[in-house]
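Student: Give me the fold of what follows.
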Amino acid sequence: MTSTMRKESNDASEYIPTAADYIPRYTGPPEHELTDQQRDIKQSILASRPGTGLQGPFGPWLAVPQIAQPAQALGRACRYETSLSYRESELVILLTAAKTKSHAAFDIHVGEAIKAGIEMSVIKAISRDDAFSIKAVNETLMPLLNNDREKAICRFAVELLETYQVSDATYQETKQALDDKDAVLVEITSICGYYTFVAYTLNVFRIPSK
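Tutor: Numbers count the residues shown, from 1 in each chain. Next up, the predicted model:
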């Protein structure tokens, strides 16, 4: 596929959100019930997320400050402070949302993925929900990825998400593709784990993506 063809398909309007109209079960404690600790955490979240605020899992998490505070810090590290590129990170996040059947997480990160330079054709090639599998990803997504590094990252993430572990062969092949750095595998594993936590929260409390 040529770069010109990819640019033509990079249009967010082609994606139809599937969780925008969810009716939430719980969006977190009301303002008048917040403790001083919860207010401090809320302000910290809002300051670090001026564009999105408490969108996503942060509202429910705020009900338990002991969870909300470290979750926010872990999320920031997984999202912004790893050695993965923005594009690589968003690929892993989309795969995690697809596997965990989190339509809200997938909806939210389509826009982020496009900003990261991921083409709509690539996003559409990610099999979701019960269709998600190693075989499906190998057949539909892998041929569209840019390079061997992206393929190694996605292969590792998909095997982890599908089987909850990775084989010795996948571990060594991925490590070799990532400059022989075990730390990068820690990062990929952490992104999968954190965004699984995000997905579970969005799924349980039926948080809409709008």
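Student: where does this protein have low pLDDT?
Tutor: 1-12, 50-52 (pLDDT under 70).
Student: so what's the spatially most central residue of it up against?
Tutor: When CA atoms, centre = their mean is applied to the chain, the residue found nearest the centroid is I93 (2.3 Å). Counting by CB atoms under 8 Å, 6 or more residues apart in numbering, I93 touches A105, H109, E112, A113, I191, Y195. The C-beta positions use only the backbone N, C-alpha and C, and glycine is treated the same way.
Student: at 7 Å instead, please
Tutor: H109, I191, Y195 (CB atoms under 7 Å, 6 or more residues apart in numbering).
Student: so it is in which element?
Tutor: Assigned by DSSP states H and E, I93 belongs to helix 86-99.
Student: hang on, the earlier thing: tell me the one of the contacts of I93 nearest T35?
Tutor: Y195 (27.9 Å; CB to CB).
Student: That closest one touches L95, doesn't it?
Tutor: No: applying CB atoms under 7 Å as the test, Y195 and L95 come out as separate, 9.1 Å apart.
Student: rewinding a little: please save the CA atoms from the helix holding I93 in PDB.
Tutor: Provided in PDB are the C-alpha atoms of helix 86-99 (Å, rounded to 0.1, in the frame of the first residue of the first chain):
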ATOM      1  CA  TYR A  86       3.100   7.600  20.300                       C
ATOM      2  CA  ARG A  87       2.000   5.500  17.300                       C
ATOM      3  CA  GLU A  88       3.400   2.300  18.800                       C
ATOM      4  CA  SER A  89       1.700   2.900  22.100                       C
ATOM      5  CA  GLU A  90      -1.700   3.600  20.500                       C
ATOM      6  CA  LEU A  91      -1.500   0.400  18.500                       C
ATOM      7  CA  VAL A  92      -1.000  -1.500  21.800                       C
ATOM      8  CA  ILE A  93      -3.900   0.400  23.400                       C
ATOM      9  CA  LEU A  94      -6.300  -0.300  20.500                       C
ATOM     10  CA  LEU A  95      -5.400  -4.000  20.600                       C
ATOM     11  CA  THR A  96      -6.100  -4.100  24.300                       C
ATOM     12  CA  ALA A  97      -9.400  -2.400  23.900                       C
ATOM     13  CA  ALA A  98     -10.300  -4.800  21.100                       C
ATOM     14  CA  LYS A  99      -9.500  -7.800  23.100                       C
END
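Student: Pull out the buried residues from that helix.
Tutor: Neighbour counts over helix 86-99 (16 or more other CB atoms under 10 Å) mark 87-99 as buried.
Student: any idea which helix or strand comes after it?
Tutor: helix 103-115.
Student: what's in contact with that following helix?
Tutor: For helix 103-115, with CB under 7 Å, 6+ apart as the criterion, the contacting residues are 10, 12, 15, 17-20, 22, 56, 90, 93-94, 97-98, 123, 128, 195, 198-199, 202, 207-209.
Student: For the most far-flung residue of the chain relative to its centre, which residues are in contact?
Tutor: Of all residues in the chain, H32 has its C-alpha farthest from the mean position, at 31.7 Å, by CA atoms, centre = their mean. For H32, no residue meets the contact criterion (CB under 7 Å, 6+ apart).
Student: quick one, phi/psi of it?
Tutor: Per-residue torsions, H32: phi -70, psi -10 (degrees, to the nearest 10).
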